[in-house]
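A.B. asks: The sequence and its predicted three-dimensional model are supplied below.
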Amino acid sequence: MASERQIAANRRNARKSTGPRSGAGRNRSSRNAYRHGLTLSINSTAAFAKQLDTLVREIAGDTEDAILLERARALAHAELELARVRRAKVALIERASAFGELDPPQLTRAGFIRLLNAVLRDRDIESIDASATMPSQEPDRSAEAVRRVLPELRQLDRYERRAAAQRERAVRNLYDRRKSWNNL
């Protein structure tokens, strides 16, 4: 049981942990889940349902055992989720390889002032093309693309580990069911 001092301390700490306070911060944090779309369920699409059914039949075969079919469905779902995460990672790397970066560079105040002064003096505006700084030959180009998107890849790793763990559990459950089914 917590003491009165602990309860008071918890309440003080809870008041400090309210998330972003500014409107811009709240707007940004409200879109966190939409950056790559991997938190959204793909169960509702017809294409996913068809892929899922096909994969379930490949895994389970012609069995009519409801438990085996359900475990095969869990395995197929985890496999499709894992493939989706890996496609997202590959797409990030390909985008960085093609364009040199994921997002356009943000102008700082100093950069904006330099740009404005160049325009006012009728000088050539040097725009830095991120793809121009990319190596032209493979595998150096791919390695540089991976280096540039490494923070985003690390964030996607969480989803890949979760999908891989779900697949491992589903494989174990399916194997246990088949083993018990064959012993009957």
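C.D. replies: Cool, the structure landed.

A.B. asks: any idea of the pLDDT on residue 112?
C.D. replies: At residue 112, the predicted lDDT confidence score is 57.

A.B. asks: and the residue positioned nearest the centre of the chain, what element?
C.D. replies: Taking CA atoms, centre = their mean, the centroid of the chain lies closest to residue 156, which sits 3.7 Å from it. Using DSSP states H and E, residue 156 falls within helix 150-182.

A.B. asks: helices and strands around that helix, which ones?
C.D. replies: Packing partners of helix 150-182 (3 or more CB pairs under 8 Å, 6 or more residues apart in numbering; DSSP states H and E): helix 66-99. Glycine gets a C-beta too; all of them are placed from N, C-alpha and C.

A.B. asks: what comes up buried for the helix it packs on?
C.D. replies: The neighbour-count check on helix 66-99 (16 or more other CB atoms under 10 Å) flags 68-69, 71-82, 84-85, 88-89, 92-93, 95-97 as buried.

A.B. asks: Any regions of the protein where pLDDT drops low?
C.D. replies: Low-confidence segments of the chain (pLDDT under 70): 31-42, 44, 100-135, 181-184.

A.B. asks: If we go by neighbour counts, what in the one helix or strand residue 51 maps to is buried?
C.D. replies: Taking DSSP H and E as the criterion, residue 51 maps to helix 46-60. Neighbour counts over helix 46-60 (16+ other CB under 10 Å) mark 51-52, 55-56, 59-60 as buried.

A.B. asks: same deal with stretch 148-160?
C.D. replies: Per 16+ other CB under 10 Å, stretch 148-160 contains these buried residues: 148-149, 152-153, 156, 159-160.

A.B. asks: Reformat those residues as CSV; add distance to residue 3.
C.D. replies: Shown next, in CSV, are the buried residues of stretch 148-160 (distance: CB to CB, whole Å):
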residue, distance to residue 3
148, 51
149, 49
152, 44
153, 45
156, 43
159, 40
160, 43
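
A.B. asks: What angle do helix 46-60 and the helix holding residue 156 make with each other?
C.D. replies: 40 degrees (axes from the mean of the first three to the mean of the last three CA atoms, to 10 degrees).

A.B. asks: can you give me phi and psi for residue 62?
C.D. replies: Per-residue torsions, residue 62: phi -90, psi 20 (degrees, to the nearest 10).

A.B. asks: ditto for residue 20
C.D. replies: Torsion angles, degrees, to the nearest 10, at residue 20: phi -70, psi 140.
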